[in-house]
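Trainee: 3D, please:
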Amino acid sequence: MSEFEGILIVDENQRRASELSVALNFIGEKNKVVSTQQVAEFASFQVSAIFLGALQNGDHEELIKNAPEVPFLLLGDTLKPLLALANVVGIVSEPFSYATTTEFIRDCQEYKRHLPNRNQANQVRDFDGLIGATPAIEEIRFLIQQVAKTTANVLILGESGTGKEVVARNIHLLSSRSNAPFIPVNCGAIPADLLESELFGHEKGAFTGAISTRKGRFEMAQGGTLFLDEIGDMPQQMQVKLLRVLQERVYERVGGGKAIKADVRIIAATHRNLEKMIEDESFREDLYYRLNVFPIENPSLADRKDDIPLLLQELIKRNIAMGGSSTKFTERALESLKEHRWPGNVRELSNLVERMMIMFPEKVVDVSDLPRKYQHIDVEEYVPEYPEEILEREALNDIFSDFGDYDDDSYDEPLATTSSPSVLPEEGIQLKDYLAELEIELIRQALERFDYVVARAAEILGVRRTTLVEKMKKYHLNKE
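Mentor: Sure thing, here's the model as predicted:
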């Protein structure tokens, strides 16, 4: 297979093929004129497009269908019927127009970019912790791949909890600096008077408490990537010093006079509106443009709710790896979670998953098990119904356990009849008759206590209303 990457021209009209090649060279598009037999020598994933013109054998359709991964541009209106084929992007006619040709080449690039990749699963694994399959997250992956190849500064924007550091780490991992350190700094978590020392380091004796020389984060990240999180919280005095480093690529330790080269890539992130802060004069405009070379807008979880099932799987897997329990979610629970607004984004989802795994280890979570604010769909909750034998046996167990809790001195008012024994008499009893009488007496007391309001009586007896009605009929326990 040829290593060629660019546009192929397949046209037996040699004049037209030559003119097209010259036109493509003029606009900076690498190209090669080849025969139909030579097309198979080039790898489909490397060829960006094929311009297809006249063929004596007329096998245009066969050639197009044999290379479904490649977008085709047809030369001449005589091939117009072939537009029905999916990988035919359009028709280019003479004379070749710069505007039209570049637009079609751009369309071919989009065809290649959105091509369903057979190795997509392997490609996704190349991204560390960047979980999802929605268009929003696929766009983030594309942007990461594009900017990782360069040395450009990156500004990651987005709400808190959307995983801005995950994006920054992936840019680092896919860059040529991946073997060097990735050093994160939260600019909002470090006091303003310590931030300079934290970033640039200090010499021994530079200030009270500086008992030894210390490297700063810039020095630790030498050759790698420095991630400045929450850059919007950086004090203005430090903004000036950071701008100088970005411009001159050198810095000095606090209390030192030696210039140190800053061989680091800067990735910054913030949830704040920096443009509004510039208007309010709380953020320097020149620093903003230094950082905002390549902006990436991180989507909120609300913008990619269809990723929630994949995120849940990943979060559960991580919990299991740390020795925690597993759990599962019903489809109804997933649909309910998709209806939530998620103001805390992925961080909020992570907290919810951890809570559910604590409450329902190795169990299945349904809508009714979710905290109330996550219950966004109405479902009929399953209420188990047990056989009467189980309910009656449980009631009797409770009765006899109550009898055992009293002695002769403290048991002044019996639950049922005054003749109810707490100890089996010497002469014995007819258990069936005794239990029936006991049941009748307890039902009668409950009904009288609540003036024959059946629902209240059933509640205190711990039985269903329908069950109590049946027993009232059985024993003729009407109010009259």
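Trainee: find the nearest non-adjacent residue to the residue nearest in space to the middle of the chain, please.
Mentor: Geometric centre of the chain, nearest residue: Leu311, 4.8 Å, by Cα atoms, centre = their mean. Spatially, and ignoring its direct neighbours in sequence, Leu311 is nearest to Ile131 (5.4 Å; Cβ to Cβ, 6 or more residues apart in numbering). In short, each C-beta sits where N, CA and C put it, glycine included.
Trainee: how about the one you found, secondary structure?
Mentor: coil (DSSP: H, G, I helix; E, B strand; the rest coil).
Trainee: picking that back up, quick one: list the elements packing against the strand or helix carrying the residue nearest to the centre of the chain.
Mentor: Leu311 belongs to helix 308-321 when assigned by DSSP states H and E. In terms of contact count using 3 or more Cβ pairs under 8 Å, 6 or more residues apart in numbering; DSSP states H and E, helix 308-321 is assigned the packing partners helix 331-338, helix 345-359.
Trainee: among the ones you listed, which is nearest Val379?
Mentor: Closest to Val379 of the helices and strands packed on helix 308-321 is helix 331-338 (Cβ to Cβ; 5.5 Å).
Trainee: okay, now the unreliable bits of the stretch 201-350 of the chain?
Mentor: Judged by pLDDT under 70, the stretch 201-350 of the chain has no weakly predicted residues.
Trainee: please redo it, this time with the cut-off set to 80
Mentor: 205-211 (pLDDT under 80).
Trainee: tell me where it has strands.
Mentor: 201-202, 214-215, 225-229, 250-251, 260-261, 265-270, 294-297, 328-329 (DSSP state E, counting those that start in this stretch).
Trainee: pick the most deeply packed of the ones you listed.
Mentor: Mean neighbours per residue, mean count of other Cβ atoms under 10 Å, is largest over these for strand 265-270, with a mean of 26.
Trainee: list the helices and strands that one packs on?
Mentor: strand 154-157, helix 164-173, strand 225-229.
Trainee: the second one to helix 345-359, inter-axis angle?
Mentor: Using axes from the mean of the first three to the mean of the last three Cα atoms, to 10 degrees, the inter-axis angle of helix 164-173 relative to helix 345-359 is 110 degrees.
Trainee: for helix 164-173, which positions count as buried?
Mentor: For helix 164-173, a neighbour-count test (16 or more other Cβ atoms under 10 Å) marks 164-173 as buried.
Trainee: and the contacts of that helix?
Mentor: Outside helix 164-173, the residues that touch it by Cβ atoms under 8 Å, 6 or more residues apart in numbering are 127-130, 140, 144, 147-148, 154, 156, 158, 178, 182, 184, 224-225, 227, 229, 265, 267, 269, 271, 296, 298.
Trainee: let's see that with 7 Å instead.
Mentor: 127-130, 140, 144, 147-148, 154, 156, 158, 178, 182, 184, 224-225, 227, 229, 267, 269, 296, 298 (Cβ atoms under 7 Å, 6 or more residues apart in numbering).
Trainee: low pLDDT regions in the stretch 1-150 of the chain?
Mentor: Regions of the stretch 1-150 of the chain meeting the criterion pLDDT under 80 cover residues 1-3, 43-44, 58, 114-126.
Trainee: swap the cut-off to 90 and go again
Mentor: Low-confidence regions of the stretch 1-150 of the chain, defined here as pLDDT under 90, cover residues 1-5, 27-28, 36-46, 54-59, 66-67, 76-78, 84, 86, 93-101, 109-130.
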